[in-house]
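[1] only the shape, not the letters, is given here:
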């Protein structure tokens, strides 16, 4: 099959010019968005709890008004999270002492509110904050900005601005906050857009159409964009519809695309991507879906990257996590598949171990801190594993809830968002 892409693919760039200033600096204890301050799932916290239960190491719990899969954003003494609340989607602000400070409605629930066998909901996208403002997105397409005291700054609906969303399992992508921009993937079957917005006003900075020759369920994407950054160089990475693609930050122009994730000779029309890439300064790990391949990509890649390309550090033909995003920590790659943790050497992709940990679904992405990996299952079982090339279980912790949100470590605690409650894991304040 002959593949034709946009002319921007012909522009071969070894690095992208940074289109936005560096992110607002946060303290080491902040967790300002879904995968943390560097969007990689790594916390610099030390001394975090590794063991807890209903009567052990719970600082407080807070009953939530409804379902939600969004990971809390934490800045200093405040947490922000979205939730269903009756027929509305709300943004909540909670103190680190466990008290609700304010709650704002930013969109009504229209049509379906449950997806994938009632596993997904309209409060799946996670909020983000820079300490002055907080941005919230919902599966209804509503996107809003509030100041940290709850005053609305701007709001609009993505479906009104960019077209009706028609994905089979709903809209669950988390916008990426970086510098003065919000970046969004918006794949609506009829077309696919990558959009950069001015975070202060919500106005469009640029929009590009994301070309692909994929079809079927692959037109849908449930992934979230990430930024690769090293020194002054940076670019945006989007993932879905058979390809991972890098875009210049100043105008969205394509730099590279990784193909072969859904091989044409064995093509699957149901290989929709859910797991998002993770980008470190020297390696980008690109997952796929349903036990297909994983690629370790060199960040200076250009053009179309296919199996065997010099731009690849390694490529596995199978073994991807289907939903949880990869983690790169201390020279190792961790892939959390449903019930199994796989550890790879980051330089070579060589498997260090594959260990069964817990027979359940894993929708949350792994988090690393202080030499430990935290793995959250749907049934609110969190397995803590010692980081390293040999499997060493530290603890297994269970709470009476269901969880699809990733852990948010901050200031000596771990915040776990369940469908019923928000949990602060750590010793109660004296």
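    Looks like it came in fine. All values reported here derive from a predicted model rather than from experimental measurement. Residues are numbered from 1 along each chain as shown.

[2] neighbours around the closest residue to residue 202 other than its chain neighbours, how many?
    Residue nearest to residue 202 in three dimensions, not counting chain neighbours: residue 154, with 4.2 Å by CB to CB, 6 or more residues apart in numbering. All C-beta spots, glycine's among them, are computed from the backbone N, C-alpha and C. Using other CB atoms under 10 Å, residue 154 is surrounded by 17 other residues.

[3] list the residues that contact residue 154.
    144, 145, 201, 202 (CB atoms under 8 Å, 6 or more residues apart in numbering).

[4] where neighbours are concerned, which of the residues you listed has the most?
    Counting neighbours by other CB under 10 Å, residue 144 leads the contacts of residue 154 with 24 neighbours.

[5] three-state assignment of the residue nearest to residue 202?
    strand (DSSP: H, G, I helix; E, B strand; the rest coil).

[6] distance of it relative to residue 143?
    Plainly put, residue 154 is 9 Å away from residue 143 if you go by CB to CB, to the nearest Å.

[7] between these two, which contacts overlap?
    Each of residue 202 lies in contact with both residue 154 and residue 143 under the rule CB under 8 Å, 6+ apart.

[8] now do the helices in the stretch 151-300 of the chain.
    Ranges of helices in the stretch 151-300 of the chain, per DSSP state H, counting those that start in this stretch, are 158-162.

[9] shaky segments in it?
    The stretch 151-300 of the chain contains residues with pLDDT under 70 at 167-168.

[10] need the contact list for residue 347.
    So residue 347 contacts 313, 331 (CB under 8 Å, 6+ apart).

[11] what about it, distance to residue 46?
    26 Å.

[12] and residue 104, by the same measure?
    34 Å.

[13] these two: which has the busier surroundings?
    Neighbour count, other CB under 10 Å: between residue 104 and residue 46, residue 104 has more, with 18 against 10.

[14] that one and residue 88 touch, don't they?
    No. Counting by CB atoms under 8 Å, residue 104 stays clear of residue 88, with 9.7 Å between them.

[15] could you report the neighbour count for the residue lying closest to residue 337 once chain neighbours are set aside?
    For residue 337, ignoring the flanking residues on the chain, the nearest one in space by CB to CB, 6+ apart is residue 321 at 4.8 Å. A total of 26 residues lie near residue 321 under the criterion other CB under 10 Å.

[16] find me the pLDDT at residue 321, would you?
    Here, the pLDDT recorded for residue 321 equals 97.

[17] so which helix or strand takes in it?
    Assigned by DSSP states H and E, residue 321 belongs to neither a helix nor a strand.

[18] contact partners for it?
    So residue 321 contacts 275, 287, 335, 336, 337, 362 (CB under 8 Å, 6+ apart).

[19] the residues you listed: which two are farthest apart?
    For these, with distances taken as CB to CB, the pair at the greatest spread is 287 and 362 (12.9 Å).

[20] measure how buried residue 278 is and give me the count.
    The burial count for residue 278: 28, using other CB under 10 Å.

[21] residues in contact with it?
    With CB under 8 Å, 6+ apart, residue 278 has these contacts: 35, 40, 41, 226, 284, 285, 325, 326, 327, 328.

[22] over to residue 389. Which of the three states is it?
    coil.

[23] got the contact list for it?
    332, 343, 345, 352, 353.

[24] tally of neighbours for the closest residue to the third one other than its chain neighbours?
    Leaving out its chain neighbours, the residue that sits closest to residue 345 by CB to CB, 6+ apart is residue 352, at 6.2 Å. By the other CB under 10 Å criterion, the neighbourhood of residue 352 contains 16 residues.

[25] check which element follows the strand or helix carrying residue 352 along the chain.
    Residue 352 is part of strand 351-356, with elements assigned from DSSP H and E. Toward the C-terminus, strand 351-356 is succeeded by strand 367-369 as the next helix or strand (DSSP H and E).

[26] buried residues, that following strand. List them.
    For strand 367-369, the neighbour count (16 or more other CB atoms under 10 Å) marks 367, 368, 369 as buried.

[27] which of those residues sits closest to residue 300?
    Nearest member of these to residue 300, counting by CB to CB, is residue 368, at 25.3 Å.

[28] is that closest one in contact with residue 45, as I believe?
    No. Contact criterion CB under 8 Å: residue 368 and residue 45 do not qualify, at 10.1 Å.

[29] now for residue 229, how many residues are close by?
    Residue 229 has 21 nearby residues by other CB under 10 Å.

[30] leaving out sequence neighbours, find the closest residue to it.
    residue 281 is the one closest to residue 229 (CB to CB, 6+ apart), at 7.2 Å.

[31] residues contacting that neighbour?
    Taking CB under 8 Å, 6+ apart, one finds 228, 229, 230, 299 in contact with residue 281.

[32] distance to residue 403 added to those residues, as TSV?
    Shown next, in TSV, are those (distance: CB to CB, whole Å):
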residue	distance to residue 403
228	29
229	30
230	33
299	32
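
[33] of those, which pair is most distant in space?
    The farthest-apart pair in the contacts of residue 281, when distances are taken by CB to CB, is 229 and 299, at 9.3 Å.

[34] mutual contacts of these two, please.
    279, 281.

[35] which stretches of the stretch 301-430 of the chain have low pLDDT?
    Low-confidence segments of the stretch 301-430 of the chain, defined by pLDDT under 70: 430.
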